[in-house]
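J.: missing the sequence, but the structure's below:
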């Protein structure tokens, strides 16, 4: 259980719904998390019956328990899995994350497991699989639109005017259309999100030839969402500057693991060094 969960308003709400003490409510949630880690590591606790969950939590009435856990926000309804443990990837420990990652699966809510504790070789094999699964999951659930039609050409005005300048300023400040958004990054500050458009992605692809820009942007989003990289502010000096720096470091990566199509450098061949002759050694001609 995460630090501070025992005093969380959700725990106090569960106490009221179950009409129990806090230590009983804490015990119920702790037993629920342990049961999930062992028998539903993806967080899909709904594959077990309400009676099985109540028995695992040592609670006599299954209907009251499930209703209280749902009402207090410890369980979420799911069309696919019936019930999900709320924010299970955050509650689960490293052992669960490693197990899910090594099985090459996502959590039931679509989150990728943490792979920071895997070795470099194992991580390099598992990470591309998980990122592809995450992309497929987000595409299937419509969380982000990853394809956009080409933008129509914008005619230039015949004569600049104050009205035209105001129109261009309003269009520049307007958020991109949903069909133009490739990825949405969480940010800090007044603007809570920042959208990377397909047009911006294509522009960066021309700036960094030989680099899989899409994959690098997905990797940056994954690490920001998992808290591995701090969030940035929206705008040119925030996310845009961060991603440009990220892509630049990926190009200059000496391991070359993130570059595509790069030609390996051929080491120069040094001429063989001829041994020096010792003037004190007398040459002997063969056959003389």
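T.: It's in. Every value quoted in this text rests on a predicted model; they were computed, and no experiment measured them. Residues are numbered from 1 along each chain as shown.
J.: Helices along this structure, start to end?
T.: Counting by DSSP state H, the chain has helices at residues 9-18, 22-39, 50-56, 62-72, 88-91, 94-102, 120-141, 162-173, 198-207, 213-225, 241-251.
J.: Residue 3 is nearest to which of those?
T.: Smallest distance to residue 3 across the helices of the chain (Cβ to Cβ): 11.4 Å, for helix 88-91. C-beta coordinates here come from the backbone N, C-alpha and C atoms, glycine included.
J.: Turn the helices of the chain into JSON lines, columns for mean neighbour count, distance to residue 233 and mean pLDDT.
T.: Shown next, in JSON lines, are the helices of the chain (neighbours: other Cβ atoms under 10 Å; distance: least, Cβ to Cβ, whole Å; pLDDT from 0 to 100):
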{"stretch": "helix 9-18", "mean neighbour count": "16", "distance to residue 233": "29", "mean pLDDT": "94"}
{"stretch": "helix 22-39", "mean neighbour count": "17", "distance to residue 233": "35", "mean pLDDT": "95"}
{"stretch": "helix 50-56", "mean neighbour count": "17", "distance to residue 233": "42", "mean pLDDT": "96"}
{"stretch": "helix 62-72", "mean neighbour count": "18", "distance to residue 233": "34", "mean pLDDT": "96"}
{"stretch": "helix 88-91", "mean neighbour count": "18", "distance to residue 233": "24", "mean pLDDT": "89"}
{"stretch": "helix 94-102", "mean neighbour count": "18", "distance to residue 233": "29", "mean pLDDT": "93"}
{"stretch": "helix 120-141", "mean neighbour count": "14", "distance to residue 233": "24", "mean pLDDT": "87"}
{"stretch": "helix 162-173", "mean neighbour count": "10", "distance to residue 233": "16", "mean pLDDT": "49"}
{"stretch": "helix 198-207", "mean neighbour count": "15", "distance to residue 233": "17", "mean pLDDT": "86"}
{"stretch": "helix 213-225", "mean neighbour count": "18", "distance to residue 233": "12", "mean pLDDT": "88"}
{"stretch": "helix 241-251", "mean neighbour count": "16", "distance to residue 233": "9", "mean pLDDT": "84"}
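J.: Out of the ones you listed, flag the one nearest residue 184.
T.: Between residue 184 and the helices of the chain, the tightest spacing by Cβ to Cβ is seen for helix 213-225, at 8.2 Å.
J.: Tell me if I'm right that residue 63 and residue 49 touch.
T.: No - counting by Cβ atoms under 8 Å, residue 63 stays clear of residue 49, with 11.5 Å between them.
J.: any residues in contact with both of these two?
T.: The contact sets of residue 63 and residue 49 do not overlap (Cβ atoms under 8 Å, 6 or more residues apart in numbering).
J.: Quick check: which of the helices of the chain is nearest to residue 188?
T.: The closest approach between residue 188 and any of these, judged by Cβ to Cβ, belongs to helix 213-225 at 10.5 Å.
J.: outside of that closest one, which residues touch it?
T.: Contacting residues not belonging to helix 213-225 are listed as 111-112, 131, 134-135, 182-183, 185-186, 196, 201, 204-205, 228-232, 242-243, 246-247, 250, 258 [Cβ under 8 Å, 6+ apart].
J.: quick one: the most centrally placed residue in the chain and residue 229, what's the gap?
T.: Centroid check for the chain by Cα atoms, centre = their mean gives residue 222 as the closest residue, at 1.7 Å. The gap separating residue 222 from residue 229 is 9 Å, by Cβ to Cβ, to the nearest Å.
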